[in-house]
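**Student:** whatever this is, show me its structure:
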Amino acid sequence: QVQLVESGGGLVQAGGSLRLSCAASGRTFSSYAMGWFRQAPGKERELVVAISWSGGKKYYTDSVKGRFTISRDNAKNTLYLQMNSLKPEDTAVYYCAAGDAVGPRGSYDYWGQGTQVTVSS
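**Tutor:** Here you go, the predicted model:
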């Protein structure tokens, strides 16, 4: 089992950058694929990016390719999301999650509480 706590959200102007972190507790962090999801008001939650346990395989949804970068440090039990060139449509609550596979078909069983990202125009 793993517990997840996100941080790093906030308010930023369009074109700006934010770095989200997800701190995991438990010894099994390195055995999980990890993902960042987001949910905007009135919209379904979507998988934005994901990374395999080793970091060797990554998934990016089309709308964030070239702007967002996912990474992980298994020694620190931490997942990161670097977000550059932010757009107002990136505004959402961002959640990190631990699962069994990279990508939308993975099953994500453990979730953080979420962190708000707001991009002003």
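**Student:** ok, now how distant is the residue nearest the centre of the chain from L4?
**Tutor:** Nearest to the geometric centre of the chain sits W36, at 2.3 Å (Cα atoms, centre = their mean). W36 sits 11 Å away from L4, going by Cβ to Cβ, to the nearest Å. Glycine gets a C-beta too; all of them are placed from N, C-alpha and C.
**Student:** which residues are in contact with each of those two?
**Tutor:** C22, C96, A97 (Cβ atoms under 8 Å, 6 or more residues apart in numbering).
**Student:** show me which of these are buried.
**Tutor:** Among the shared contacts of W36 and L4, the ones that count as buried by 16 or more other Cβ atoms under 10 Å are C22, C96, A97.
**Student:** just the ones in strands from those residues, please.
**Tutor:** Residues of the buried ones among the shared contacts of W36 and L4 located in strands (DSSP state E): C22, C96, A97.
**Student:** out of the residues you listed, who's nearest S30?
**Tutor:** The closest of those to S30 turns out to be C22 (Cβ to Cβ; 13.7 Å).
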